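Peer 1: fold the following.
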Amino acid sequence: MTGSLLLRDARLLDPVKGEYTEGDLRCEDGRVVEVGTGLTAGDVRTLDLRGAFVLPGLIDAHVHVTASTADLGSLPASSPSYVAAHSARTMSRMLDRGFTTVRDASGADYGLADAQAEGLFRGPRLLFCGRALSQTGGHGDSRTRGANASDDHPCCAGLGRVADGVDAVRAAARDELRKGAHHIKVMASGGVASPTDRIDSTQYSADELRAIVEEAESANRYVAAHAYTARAVNRALELGVRSIEHGNLIDDLSVELFLRHDAYLVPTLVTYWALKEEGREHGLPESSWRKVDEVLGAGMAALERAARGGVKLVYGSDLLGGMHRHQNHEFRLRGEVQPALDVIRSATSTAADLLNLTGEIGTLAPGAHADLLVVDRDPLEDIGVLAEPKAFRHVVQGGTVVSP
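Peer 2: Purely as a prediction, here's the structure:
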């Protein structure tokens, strides 16, 4: 039976409780249907795990599956079919790393999501936002100083679309929602990979951000904001943004605002490590590479500040081009600051809450999608286990063993 599987003699992790249950788990038609002991399932595939550890499939809430290069400004000149082929390969490899759901933070669209859901290529479930909204000269504006024309035509690859003014950002947000966006991404501060802005800038006026939030909430969706400095982060939180991406330069007031507004922080430490180590090899312009140091050292301190203050933290990698292969290294980096259980929650139960998929993913409870990761060593004892995908015993998606 497709999507049906029986796991015997497993140690099953409940990320919320932080406890293992010893027993069996039965999947049917792609869902977890029963957890217990001595389960039977008829003529379906059975795996005797002999005490191996089973976690929910991992969730990465900040990826760019269309970013085939770190030179983001070159993407609009790429053929959409070429970018789609790269994206399919990138997503296939993400699945092998244990990630069964990913949230794309700009670039992916309904075409990739539909193709994955229909089984046209293997990869994690894809939640997309379409194009990120950027002001002129903002983090989503890839033009250099000498360029004038901007072509955000949807036929072309690219991560951002430029919209200025309240009416224009409303129309842009509505357009992405029309195409099925699960969330709206806005550029609320400067960034590393953009050619003309400063990292310490704030972007979009309060009225523009407020309008974007209003449009997302009207569609029962939410806004995720790229922001680094405390000034940009705090303003976005006060205006109703639900998730802050990066947040490397937050302050104590930021922590208070996260708690007050029940918002989420999605740090992406591994991308700065990777950009510094090898970004130029994968197309990152020299001017962008020199900006990495402004946020690299501060990321760990921000994570520690947020974790200590009780902020809801979610796993994100934000890797580009050939650096996608470092996706699991984020587990090691976070493990230097957080307890292993909290890191696991960031990639399972807490991530599911942010994505509005509580009970559907990030859990082994009956009724959830049967997305599972089987490992031989206890990740609660050593979070580094999750940083070594080559050592994973099985990745299960929808009740089917998909790797190895």
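Peer 1: can you give me the helices in the stretch 201-350 of the chain?
Peer 2: Assigned by DSSP state H, counting those that start in this stretch, the helices in the stretch 201-350 of the chain fall at 206-218, 230-238, 252-260, 269-278, 286-289, 293-309, 329-335, 340-346, 349-354.
Peer 1: can you list the residues that contact the last one?
Peer 2: By CB atoms under 8 Å, 6 or more residues apart in numbering, the residues outside helix 349-354 that reach it are 15-16, 56, 59, 61, 101, 242-243, 264, 266, 312-315, 358-363. All C-beta atoms are positioned from the backbone trio N, CA, C, and that covers glycine.
Peer 1: do the fourth one as well
Peer 2: Judged by CB under 8 Å, 6+ apart, the contacts made with helix 269-278 from elsewhere in the structure are 70, 192, 248, 284, 289, 292-293, 295-296, 299-300, 303, 317-320, 322-323, 326-327, 329-330, 333-334.
Peer 1: quick revisit: of the helices of the stretch 201-350 of the chain, which is nearest P404?
Peer 2: Taking CB to CB, helix 329-335 is the member of the helices of the stretch 201-350 of the chain nearest to P404, at 19.7 Å.
Peer 1: just the mean pLDDT for that closest one, thanks.
Peer 2: Helix 329-335 shows a mean pLDDT of 96 in the predicted model.
Peer 1: now do the helix or strand of the chain with the lowest mean pLDDT: distance to the chain's middle.
Peer 2: Every helix and strand in the chain was compared by mean pLDDT, DSSP states H and E; the lowest is helix 286-289, with a mean of 75. Using CA atoms, centre = their mean, to the nearest Å, the distance from the centre of helix 286-289 to the centre of the chain it belongs to is 24 Å.
Peer 1: please apply the same query to stretch 120-127.
Peer 2: Between the mean C-alpha location of stretch 120-127 and the chain-wide mean there is a distance of 14 Å, by CA atoms, centre = their mean.
Peer 1: okay, now the unreliable bits of the protein?
Peer 2: Segments of the chain classed as low confidence (criterion: pLDDT under 70) are 1-2, 140-157, 192-197, 291, 294.
Peer 1: got the domain ranges for it?
Peer 2: By the record's domain assignment, the chain is partitioned as 5-56+360-403, 58-326 (the TED database).
Peer 1: out of those, nearest to L341?
Peer 2: Across these (criterion: CB to CB), the nearest stretch is domain 5-56+360-403, sitting at 4.7 Å.
Peer 1: quick one on the thing from earlier: most tightly surrounded among the domains of the chain?
Peer 2: With neighbours taken as mean count of other CB atoms under 10 Å, the domains of the chain reach their highest mean count in domain 58-326, at a mean of 21.
Peer 1: and that one, how far apart are its ends?
Peer 2: 15 Å (CA to CA, to the nearest Å).
Peer 1: now find how far off-centre it is within its chain.
Peer 2: Centroid separation for domain 58-326 versus its chain: 9 Å, with CA atoms, centre = their mean.
Peer 1: what about the strands in the stretch 51-200 of the chain?
Peer 2: 53-56, 58-63, 99-104, 125-127, 132-134, 160-162, 184-187 (DSSP state E, counting those that start in this stretch).
Peer 1: distance-wise, check G98 relative to A77.
Peer 2: G98 sits 33 Å away from A77, taking CB to CB, to the nearest Å as the criterion.
Peer 1: now distance to T348 too, for the domains of the chain, in a markdown table please.
Peer 2: Listed next are those as a markdown table, based on distance: least, CB to CB, whole Å:
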| stretch | distance to T348 |
| --- | --- |
| domain 5-56+360-403 | 4 |
| domain 58-326 | 6 |
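Peer 1: quick one: H246 and L296 touch, right?
Peer 2: No: the pair H246 and L296 does not pass the contact test of CB atoms under 8 Å, sitting 11.5 Å apart.
Peer 1: what sits against the residue nearest to S317 when sequence neighbours are not counted?
Peer 2: Of all residues beyond its chain neighbours, the one nearest S317 is Q327 (4.8 Å), with distances taken as CB to CB, 6 or more residues apart in numbering. Going by CB under 8 Å, 6+ apart, Q327 touches D60, V63, M94, R97, F99, V270, S317, L319.
Peer 1: now these in TSV, with distance to R308?
Peer 2: Shown next, in TSV, are the contacts of Q327 (distance: CB to CB, whole Å):
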residue	distance to R308
D60	24
V63	27
M94	30
R97	29
F99	27
V270	21
S317	23
L319	27
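Peer 1: out of those residues, which comes closest to A347?
Peer 2: D60 (7.1 Å).
Peer 1: quick check, V295 in contact with D200.
Peer 2: No: when contacts are counted by CB under 8 Å, V295 is not listed as touching D200 (10.1 Å).
Peer 1: direction included, what does the helix or strand where V396 lies pair up with?
Peer 2: Here V396, judged by DSSP states H and E, is contained in strand 394-397. If you go by DSSP bridges, strand 394-397 pairs up with strand 372-375 (antiparallel), strand 400-403 (antiparallel).
Peer 1: how about residues contacting the last one?
Peer 2: Same thing as strand 400-403. By CB under 8 Å, 6+ apart, the list of residues contacting strand 400-403 reads 2-3, 5, 30, 45, 47, 95-96, 122, 392, 394-396.
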